[in-house]
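Novice: predicted coordinates and the sequence they were generated for:
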Amino acid sequence: MASISTSFFSPCAVVRQNLREPSKRKPPRNPNPKPKLKTQSRRYKSPSEPVALSAGEATTYTRLPPKEDFSVPSLSLSYEVKLSESVIKKVENEFEGLNSEEEEESVKNGDLGYKYGKFEIFEVNSESEYDEGDDDFEEEEAEGEEISGFMGGKRVNMYEKDGTYKGIVKEHGVSAKLYVVGDDDDDDDGKKFGFDSGESVGFYDNGGESFEEGDAIKEKGVPAVMRCFDRAKIYVKAGDGGNGVVAFRREKYVPMGGPSGGDGGRGGNVYIEVDGSMNSLLPFRNSVHFRAGRGSHGQGRMQSGAKGEDVVVKVAPGTVIREAGKEEVLLELLYPGQRGLVLPGGRGGRGNASFKSGTNKVPRIAENGEVGPEMWLDLELKLVADVGIIGAPNAGKSTLLSVISAAQPRIENYPFTTLLPNLGVVSFDYDTTMVVADLPGLLEGAHRGFGLGHEFLRHTERCSALVHVVDGSSTQPELEFDAVRLELELFNPELAVKPYIVAYNKMDLPDACEKWPSFKEMLQARGIQPFCMSAVKKEGTHEVICSAYELLQKSRGEKMDFEGPKDLENLNHVADLVHKQRSASINEFEIFHDSSTNTWHVVGSGLQRFVQMTNWRYVDSERRFQHVLEACGVNKSLINLGVKEGDTVIVGEMEMVWHESTQGSGPSNVKSGSATSIKWPQWK
Ligand SMILES: Nc1nc2c(ncn2[C@@H]2O[C@H](COP(=O)(O)OP(=O)(O)OP(=O)(O)O)[C@@H](O)[C@H]2O)c(=O)[nH]1
Ligand SMILES: [Mg+2]
């Protein structure tokens, strides 16, 4: 059923965004106007640009900045820019012009001891991009008076123009352009922002972080490797279908052999598969784009084109997949070997042999292959561990994992030694095992992203039971225990109701031994039976882990009762959804009118797909197009809405001029007499 909208204004504006300017779009009128075709396909734009990540930063990270650094930075902090980040957003400051002539004068004289705090970093590019595309800037600079100085150990050439000083810094293949527009009197350290005898001024290494406006709190303190290990953004595109061809059988003793053009091959599919040997999403730091092969074109002698090559994206067990920027989960891949079809390849175009019919025995028509769907996907890894070891930093979590399993996590006597979760397999017997994850330390405020909390709290969601390690040697173990419990609850109340056991650690230290009775008493008063252990001496650890296993068994039993036996999941529902969206009926369209340019937009995904697959090289294509417009009611709807001679009609990427002819009306001057006499195969 055709649905026709007569709302002329705002919808039209939306549609027009994708089209060219009306003045360019409208073809010159002539007595025989022909439809004007545009074959440029529109590309899918990702809702947000992928974050470009610079390699190698993770290795420079040693420890977190102190907690004070997590506070909202004042305006003056926005001068901090790390040059090795390849994409840095424009940072704008509210600034004033240079205050006094003296200050200006000293800059001109290259007085490097003076403070020039206010820089506007308005662009940062890779060097190659800079060299290619920004000649204007250099030309502009060259006009001014040149001074030079040092910034972050780099020589900077500055140019003065209209009281503003501009310069370029190049470092690690990245260029930053600077504007010095004033003096920061409040900045009394003089090192970060001043030209201070070769010291780092506008730039300094702040521990691997980049400052980005609005993201300051969230990103700060999280090293790149942590951000990428369990999150990735990838682009997937299914292969385009191959084109069908027009061919006729020519053979001795076979006169008028008939049409023999083969169909194009289907484009390759995009699958996502769980690879049991992967334990992070780090490989996606380097490879982001996954494109399946396109189908081969059809050939004569009824030869169909070959199918395009499939692409299989391998992910770690426990990966959750969403469409970029959306909340809804598309796929949840838990077990090795699971495979889901995400994007089906585009259909191959039909060759002329497929268009043969009783009334059209010599069809000179073939279709283009369907363009393969494309998508940006957000991947998120949630560990699939049975038991998670949580606790404050330096409590002895990694030590516990190292004594109960063969895992060898890094153990050091300072907080945040563990940046990425470590997994270990605890074997009780040949067939009795459980996977235990040692997670990074948890700080107060973790649920809001402080420390590494935000990054790993998600992993605890999948664990069936938790072991909460308390550092007995800390000043107040009770408070530490409560703080961690509170963070869990604030992050996700479901975590707080997960079964857990409390392991009071470092009992070999007299300090811890002393506080144990009061700690035990406090927990028992709340109905919790804590364990005590010395992870280093392997004392009491067996009891802890046996008890964790019991909890796990119990929760597994409950889950089985609740969920019942797991059915074999159909993981192709994403592809089914895409397929459904793309194969919308050709009869479903809307018409919008732009009265200022006398343009009619016919919008419908079925029609748009039809236009994309129409190969205008072949003579019969245009007639078939007219036939389809007539059959699906577009012409009738346009007439009802009052289309006039000479109006522009846009369908998908094609635009035509409406022409009233004696035989009938249509958005072109094609004689309709012959078109109506031919029956075309139904559009699928
Ligand atoms: N005396 C004593 N020291 C311990 C014990 N368990 C751990 N430690 C020490 O505590 C320090 C921290 O241990 P880790 O296992 O790295 O602590 P963690 O909880 O994993 O720390 P983060 O990963 O930084 O959060 C190390 O120096 C360990 O040797 C214990 O039972 N007794
Ligand atoms: Mg650790």
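Specialist: Yep, that arrived. Residues are numbered from 1 along each chain as shown. Ligands and ions are numbered 1, 2, ... in the order given.
Novice: domain parsing of this protein, as residue ranges.
Specialist: Domains of the chain are assigned by the TED database as 231-381, 387-558, 584-658.
Novice: which one of the ones you listed lies closest to residue 578?
Specialist: domain 231-381 (5.2 Å; CB to CB). (Each C-beta comes from the backbone N, C-alpha and C, glycine too.)
Novice: I'd like the domains of the chain as JSON lines, with mean neighbour count and distance to ligand 1 appended.
Specialist: What follows is the domains of the chain, written out as JSON lines (neighbours: other CB atoms under 10 Å; distance: least, CB to the nearest ligand atom, whole Å):
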{"stretch": "domain 231-381", "mean neighbour count": "20", "distance to ligand 1": "17"}
{"stretch": "domain 387-558", "mean neighbour count": "19", "distance to ligand 1": "3"}
{"stretch": "domain 584-658", "mean neighbour count": "19", "distance to ligand 1": "52"}
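Novice: residue 574 is nearest to which of the ones you listed?
Specialist: domain 231-381 (5.0 Å).
Novice: measure that closest one end to end?
Specialist: Domain 231-381 has an end-to-end distance of 6 Å (CA to CA, to the nearest Å).
Novice: equivalent analysis for stretch 271-290, please.
Specialist: OK, stretch 271-290 end separation, CA to CA: 10 Å.
Novice: contacting residues around it?
Specialist: The contact list for stretch 271-290, computed with CB atoms under 8 Å, 6 or more residues apart in numbering, reads 50, 53, 55, 225, 228-237, 270, 310-317, 319, 321, 331, 333-342, 379, 381, 420, 423.
Novice: how does it look with 6 Å?
Specialist: 53, 228-229, 232, 234-236, 311-314, 316-317, 333, 336, 338-342, 379, 381 (CB atoms under 6 Å, 6 or more residues apart in numbering).
Novice: so where do the helices sit in the stretch 351-500 of the chain?
Specialist: 397-404, 453-460, 477-491, 493-496 (DSSP state H, counting those that start in this stretch).
Novice: what's next to the first one, contact-wise?
Specialist: Meaning helix 397-404. By CB under 6 Å, 6+ apart, helix 397-404 touches 389, 391, 407, 409, 411, 418, 424, 426, 438, 469, 535, 538, 541, 545.
Novice: one step back: now render the domains of the chain as a markdown table, adding mean pLDDT.
Specialist: Output for the domains of the chain, formatted as a markdown table (pLDDT from 0 to 100):
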| stretch | mean pLDDT |
| --- | --- |
| domain 231-381 | 91 |
| domain 387-558 | 85 |
| domain 584-658 | 87 |
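Novice: let's have those in CSV, adding distance to ligand 2.
Specialist: Output for these, formatted as CSV (distance: least, CB to the ion, whole Å):
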stretch, distance to ligand 2
domain 231-381, 17
domain 387-558, 3
domain 584-658, 52
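Novice: make JSON lines out of these and add distance to residue 574.
Specialist: Output for the domains of the chain, formatted as JSON lines (distance: least, CB to CB, whole Å):
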{"stretch": "domain 231-381", "distance to residue 574": "5"}
{"stretch": "domain 387-558", "distance to residue 574": "21"}
{"stretch": "domain 584-658", "distance to residue 574": "17"}
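Novice: what is the longest helix along the chain packed up against?
Specialist: Determined from DSSP state H, the single longest helix within the chain is helix 541-563. Applying 3 or more CB pairs under 6 Å, 6 or more residues apart in numbering; DSSP states H and E, we find helix 541-563 packed against helix 397-404, strand 465-471, strand 500-505.
Novice: list the beta-bridge partners for residue 467.
Specialist: residue 389, residue 501 (DSSP bridges).
Novice: tell me if I'm right that it and residue 389 touch.
Specialist: Yes. Residue 467 sits in contact with residue 389 when judged by CB atoms under 6 Å, with a separation of 4.8 Å.
Novice: can you show me the CA trace of the longest helix of the chain as CSV?
Specialist: Output of helix 541-563 as CSV, limited to C-alpha atoms (Å, rounded to 0.1, in the frame of the first residue of the first chain):
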residue,chain,number,x,y,z
THR,A,541,44.1,-20.3,51.0
HIS,A,542,42.8,-23.9,50.4
GLU,A,543,39.9,-23.3,52.6
VAL,A,544,39.1,-20.0,50.9
ILE,A,545,39.1,-21.5,47.4
CYS,A,546,37.2,-24.7,48.5
SER,A,547,34.5,-22.4,49.9
ALA,A,548,34.4,-20.4,46.7
TYR,A,549,34.0,-23.6,44.7
GLU,A,550,31.0,-24.6,46.9
LEU,A,551,29.4,-21.2,46.3
LEU,A,552,30.0,-21.7,42.6
GLN,A,553,28.4,-25.1,42.6
LYS,A,554,25.4,-23.8,44.4
SER,A,555,24.9,-20.9,42.0
ARG,A,556,25.4,-23.2,39.0
GLY,A,557,22.7,-25.5,40.3
GLU,A,558,20.4,-22.5,40.8
LYS,A,559,21.0,-21.3,37.3
MET,A,560,20.3,-24.7,35.8
ASP,A,561,17.0,-24.8,37.6
PHE,A,562,16.1,-21.4,36.5
GLU,A,563,17.2,-21.5,32.8
